[in-house]
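*Asks:* can't give you the sequence, but here's the structure:
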């Protein structure tokens, strides 16, 4: 491969040096008007010419800010139009139409932009361009430019990437040694695209040479082994991510139901109120602090906590206080409250879902390998649930309030005898549980829909986690959510979402029958109480 | 369950009360009663409320031009509250108590199936405005939405074409109920006929309201390594939002794995962050972004009506496919009544066949003379950042509906017209 490289570079340079056709009106028209085939032909001409002058126009083209009227092309900036070649302001005719790019066009234009960017002096631009070429499907038309770029490239990382891109293209070359070298190069890859490309060579019209064939088979095996490892990691990650959401949703309930023994059917609605608080904060930021919009989520946390804690304390003071010790009545009363809260939200915000936008740092993902992509919002939520868990653990075990809560839980009469203000502790504890439900609502607003019946989707899961973990046990709640999360994600992978949901429910029923006290049993006198 | 029951019985009570006081049983002289049967509360209210409004707008418009046969139309609006059995009850009330000449209504296939026996028994007339799975042809129903060959099949053909990305593998993803299951059955048979084998088709269903699409998106991603893949989504309702969000986060771009949806339109994208959806596709028979004089006028009329009536959507009036279908349906019924010279159902039914109407989709659409379905053009649009659609493909002209899909075994010999009474 190395031997022929200079020859090819020479060829490439020849192509590059051939009278570079400057970017002109005719090219702009050919790129924007006509059907996809003729436009792609024009695009390939631009690539063959290596005409970097076309770059700005191509970027506008993919940004959907090009309009045409007959054969005339305009680049539109807000309500002003400019000529794509001269950059002079132009009068936009009233019949001007948007240039529509299909997904195929978009692929081709992106690849063209990347290829042209390979000659950019900025390393970051070149890196991004090489990455995009590597994941996209570059074809023969880009080979000369890629080669030329590789020859000039000083940065080893980018040069490796370009080597991969070349290998991708050369896999179908007519030269056997080129093909063999390409296969060897590709065996190092961990991209699913590569596996697809290699496998496709086994088709009847694919590879004919037996030596290359065995090399391909070996390459596929090594890529596959790497892929399946990543897949396992990805599966565990989705399981943990689901677990973190279950945990967040159930933590508040672990206090109100687990410690205080209140069957709180309105728990889901408290989460819903937390999500709506996020929505309100988002709108306030958009209206009054558009510059700090990225941080609205941080501001939403205390707001949601305080709002839901307030609602929770009001519920406790006004309703639950009078029903302690009568669990059936509590159940009915909280169910009524949940209906009331849902209707209230419907009246204020309307029955439709509201849009809560992810701030920039919550969208997108970190790519550990081509096949292992971890979304930021999931990672942040996992971290957030751990933080909330830590906060709760600290509050319950290290503070006076926590001591009192535990004392009241274990023996109410005795606690009152030694001077614990049990009534106030009840209110505070319920407020704390509700506030944590509000925090869960903030997290949920980032991954799902925010609507009046948001809470309904989670309430069953919350109770399931708390009961499975053992009522009154924080560690049990953590383990139960982890277990449920990972098991249901693995099952979903095998059986599909519908069956997996049923199987998890059956499993929980059987488990509770065998072990009614849950994973962790309460020990001591309070267990019998 | 209990909660739903409580809500329903309550709304039923209020409705019964209003009905008892409001409408006289017999039409006053000079008006023709028209039933409107759309859910105004419950889970389907989000989609169906606008259909009620657009129907009222069309009726206002017809009345302003002098009505039908010299008489004004009088709308009778009932609320079946997204409760399928209640649809049948309300339909019976419309037909036997209010004696409406025609009914415009229903969205889900379940609700249509629920009212069918009533319309057959009492010989009523129903115009159904939503795309559906086919496999039905009733004398008392006119279907102004798309049959599978007017939406699903052209969409898949587009995905297989060069411009659509030349997909070789397909993920059929849907919500678990009758419409997605039937549509996917047809699509699977269609794909077989195009030489795509079962190992290149992945079929997945999720429950209503499903919100964790991590595993499914990971599976799609894995599946897509086997060749150029496209996703055909019949996910219904608000599950679409987490699904598209997850796609965006997992880095599956529309240019790599395009998703075409059959139940996502302008109204569904309202209030949704559309950035992650840009480039994904939807197949419909009408888009709000279509440029033609009839559509401009339709949009203007709707915006003015929404403003005049103070509808909650007036600040951002949107039109969509089922709204257009409702608009066409009412106008075609009017033309048919004028042709028949009477509102008698038995005389109107034959007159509806062959009616033509210049529709907002830019074509003069025709009701098939025989099979009770509309000939409709098909459009495939790409989602833009503003929640509108860019049309990337359109059929050369209106396509005739095939309610009996040739891809379902047993449908071959079925007649392309309803049985006569």
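*Replies:* Ah, there it is. Small disclaimer: the values here were computed from a predicted structure and weren't measured.
*Asks:* quick one, strands of the stretch 101-250 of chain B?
*Replies:* Ranges of strands in the stretch 101-250 of chain B, per DSSP state E, counting those that start in this stretch, are B:102-105, B:126-128, B:141-143, B:169-175, B:201-206, B:229-234.
*Asks:* so which of those strands gets nearest chain A?
*Replies:* strand B:201-206 (4.6 Å; Cβ to the nearest Cβ). Heads up, the C-betas are built off the backbone N, CA and C, glycines and all.
*Asks:* tally of neighbours for residue B:348?
*Replies:* Neighbourhood size, residue B:348 [other Cβ atoms under 10 Å in any protein chain shown]: 20.
*Asks:* isn't residue B:69 right up against residue B:341?
*Replies:* Yes. Residue B:69 lies in contact with residue B:341 (Cβ atoms under 8 Å); the separation is 7.2 Å.
*Asks:* Residue numbers of the stretch 201-350 of chain A in contact with chain B?
*Replies:* A:227, A:231, A:234, A:235, A:238, A:241, A:242, A:245, A:335, A:339, A:350 (Cβ under 8 Å from any Cβ of the partner chain).
*Asks:* Would you mind putting those into JSON lines with neighbour count and secondary structure alongside?
*Replies:* Shown next, in JSON lines, are those (neighbours: other Cβ atoms under 10 Å in any protein chain shown; DSSP: H, G, I helix; E, B strand; the rest coil):
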{"residue": "A:227", "neighbour count": "21", "secondary structure": "helix"}
{"residue": "A:231", "neighbour count": "17", "secondary structure": "helix"}
{"residue": "A:234", "neighbour count": "22", "secondary structure": "helix"}
{"residue": "A:235", "neighbour count": "18", "secondary structure": "helix"}
{"residue": "A:238", "neighbour count": "25", "secondary structure": "helix"}
{"residue": "A:241", "neighbour count": "23", "secondary structure": "helix"}
{"residue": "A:242", "neighbour count": "24", "secondary structure": "helix"}
{"residue": "A:245", "neighbour count": "24", "secondary structure": "helix"}
{"residue": "A:335", "neighbour count": "16", "secondary structure": "helix"}
{"residue": "A:339", "neighbour count": "16", "secondary structure": "helix"}
{"residue": "A:350", "neighbour count": "14", "secondary structure": "coil"}
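*Asks:* So among those residues, where is pLDDT lowest?
*Replies:* The lowest pLDDT within these belongs to residue A:350, with 74.
*Asks:* so where do the strands sit in the stretch 301-421 of chain B?
*Replies:* So, for the stretch 301-421 of chain B - with DSSP E, counting those that start in this stretch - the strands run B:356-358, B:364-366, B:379-383, B:389-394.
*Asks:* so of the ones you listed, which one's packed in deepest?
*Replies:* Stretch with highest mean neighbour count among the strands of the stretch 301-421 of chain B: strand B:379-383 (a mean of 25; mean count of other Cβ atoms under 10 Å in any protein chain shown).
*Asks:* Give me the angle between that one and strand B:389-394.
*Replies:* Counting by axes from the mean of the first three to the mean of the last three Cα atoms, to 10 degrees, strand B:379-383 lies at 140 degrees to strand B:389-394.
*Asks:* Give me the buried positions along stretch A:384-400.
*Replies:* A:384, A:385, A:388, A:389, A:392, A:396 (16 or more other Cβ atoms under 10 Å in any protein chain shown).
*Asks:* If we only consider those residues, which is nearest to residue A:323?
*Replies:* Comparing these against residue A:323 with Cβ to Cβ places residue A:396 closest, at 24.2 Å.
*Asks:* Give me the below-cutoff pLDDT ranges for chain A.
*Replies:* A:1-22, A:135-138, A:190, A:192, A:204-205, A:351-352, A:369-371, A:521-529 (pLDDT under 70).
*Asks:* again with the stretch 151-300 of chain B
*Replies:* B:271-272.
*Asks:* mind running it again at 80?
*Replies:* B:208-209, B:211, B:225-226, B:236-239, B:241, B:249-251, B:268, B:270-277 (pLDDT under 80).
*Asks:* re the thing from before, give me whichever of the strands of the stretch 101-250 of chain B is most buried.
*Replies:* strand B:102-105 (a mean of 28).
*Asks:* Mind checking the pLDDT average for that strand?
*Replies:* Mean predicted confidence for strand B:102-105 is 96.
*Asks:* which residues are in contact with that strand?
*Replies:* Strand B:102-105 is contacted by residues B:34-38, B:51, B:55, B:91, B:94-95, B:115, B:119, B:124-129, B:326, B:329-330, B:333, B:343, B:345, B:348 when judged by Cβ atoms under 8 Å, 6 or more residues apart in numbering or on different chains.
*Asks:* Residue 280: neighbour count?
*Replies:* Looking at chain A here, since you left the chain open. Residue A:280, neighbours per other Cβ under 10 Å, totals 16.
*Asks:* please go with chain B instead
*Replies:* Neighbour tally, residue B:280, other Cβ under 10 Å: 24.
*Asks:* right, and it touches residue B:256 too?
*Replies:* No. Counting by Cβ under 8 Å, residue B:280 does not reach residue B:256; the two are 11.4 Å apart.
*Asks:* Go ahead and flag the most central residue of the chain.
*Replies:* Just going to use chain A. Closest to where the C-alpha atoms of chain A average out (Cα atoms, centre = their mean) is residue A:375, at 3.6 Å.
*Asks:* wrong one, chain B
*Replies:* In chain B, the residue lying closest to the centroid (Cα atoms, centre = their mean) is residue B:130, at 1.8 Å.
*Asks:* Name all residues that make contact with the spatially closest residue to that one that is not a sequence neighbour.
*Replies:* Among residues not flanking residue B:130 along the chain, residue B:145 sits closest, at 4.3 Å (Cβ to Cβ, 6 or more residues apart in numbering or on different chains). By Cβ under 8 Å, 6+ apart, the contact list for residue B:145 reads B:128, B:129, B:130, B:131, B:132, B:285, B:321, B:322, B:325.
*Asks:* Could you show which parts of the stretch 251-400 of chain B are in contact with chain A?
*Replies:* Neighbours of chain A within the stretch 251-400 of chain B, by Cβ under 8 Å from any Cβ: B:251, B:254-255, B:258, B:270-273, B:276, B:279, B:312, B:382, B:384, B:390-393.
*Asks:* same thing but 10 Å
*Replies:* B:251-258, B:267-276, B:278-281, B:289, B:291, B:312-313, B:380-382, B:384-385, B:390-393 (Cβ under 10 Å from any Cβ of the partner chain).
*Asks:* Just the buried residues of these.
*Replies:* B:251-258, B:267-274, B:276, B:278-281, B:289, B:313, B:380-382, B:384, B:390, B:392-393.
*Asks:* Confirm for me that residue B:395 is in contact with residue B:362.
*Replies:* No. Using Cβ atoms under 10 Å, residue B:395 is not in contact with residue B:362; the gap is 11.5 Å.
*Asks:* Quick check: neighbours shared by these two?
*Replies:* Counting by Cβ atoms under 10 Å, 6 or more residues apart in numbering or on different chains, the common neighbours of residue B:395 and residue B:362 are B:377, B:379.
*Asks:* In contact with the residue nearest to residue B:306 when sequence neighbours are not counted: list those residues for me.
*Replies:* Spatially, and ignoring its direct neighbours in sequence, residue B:306 is nearest to residue B:314 (4.2 Å; Cβ to Cβ, 6+ apart). Counting by Cβ under 10 Å, 6+ apart, residue B:314 touches B:302, B:303, B:304, B:305, B:306, B:307, B:308.
*Asks:* Give me the nearest residue to residue A:143, chain neighbours excluded.
*Replies:* residue A:169 (5.1 Å).
*Asks:* about what we covered before: which one of the residues of the stretch 201-350 of chain A next to chain B sits closest to chain B?
*Replies:* residue A:238 (4.1 Å).
*Asks:* OK, contacts around the closest one?
*Replies:* A:374-375, A:378, A:485-486, A:488-490, A:492-493, B:212-215, B:217-218.
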